[in-house]
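Colleague: Sequence plus the predicted model coming up.
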Amino acid sequence: MYEAFLIMTTAMIFSKLLDCLSTLEWVTPHTETNPIAAPLMKRYGMRTTVWGFFLVCSALDVSWASLAYKSESPAIQALFLAAATLFTVGRTSVAHTNATGRFGKIEHAVVRVYNAWPRRR
């Protein structure tokens, strides 16, 4: 089981690294769609914000993996591995979109949900 946690945690961190590198290469503060990151990029700069997000996400990934691994509940461990897989696929998909400028199936689905979400006006 340890190997599965190690592989998935490494995959999550690597996929975030790909996301960060593609963001630095292809995204500007004005084209960033993350409503939290865009103002931070404008205020603190691209590199500081992107690497700050990388450090925070990596620390969270390792923390969640550690907590799930130490849990005695097989359900929590399985849930972490499933969530880690989804995070990895999502982050890799975002990196691909950043690099190519084209949405994949995941992004199209996210945009549909986002556009259908009721907002306060």
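Modeller: It's in.
Colleague: alpha carbons only for contacts and neighbour counts from here, please
Modeller: Fine.
Colleague: in which helix or strand would I find the residue nearest the centre of the chain?
Modeller: For the chain, Arg91 is the residue whose C-alpha lies nearest the centre (C-alpha atoms, centre = their mean; 4.3 Å). In the assignment (DSSP states H and E), Arg91 maps to helix 74-100.
Colleague: ok, residues contacting the next helix or strand after that helix?
Modeller: Using DSSP H and E, the next helix or strand after helix 74-100 towards the C-terminus is helix 105-116. Residues from elsewhere that reach helix 105-116 (C-alpha atoms under 8 Å, 6 or more residues apart in numbering): 90, 93-94.
Colleague: Including neighbour count and distance to Val56, could the residues you listed go into JSON lines?
Modeller: Listed next are these as JSON lines, based on neighbours: other C-alpha atoms under 10 Å; distance: C-alpha to C-alpha, whole Å:
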{"residue": "Gly90", "neighbour count": "18", "distance to Val56": "17"}
{"residue": "Ser93", "neighbour count": "20", "distance to Val56": "20"}
{"residue": "Val94", "neighbour count": "25", "distance to Val56": "18"}
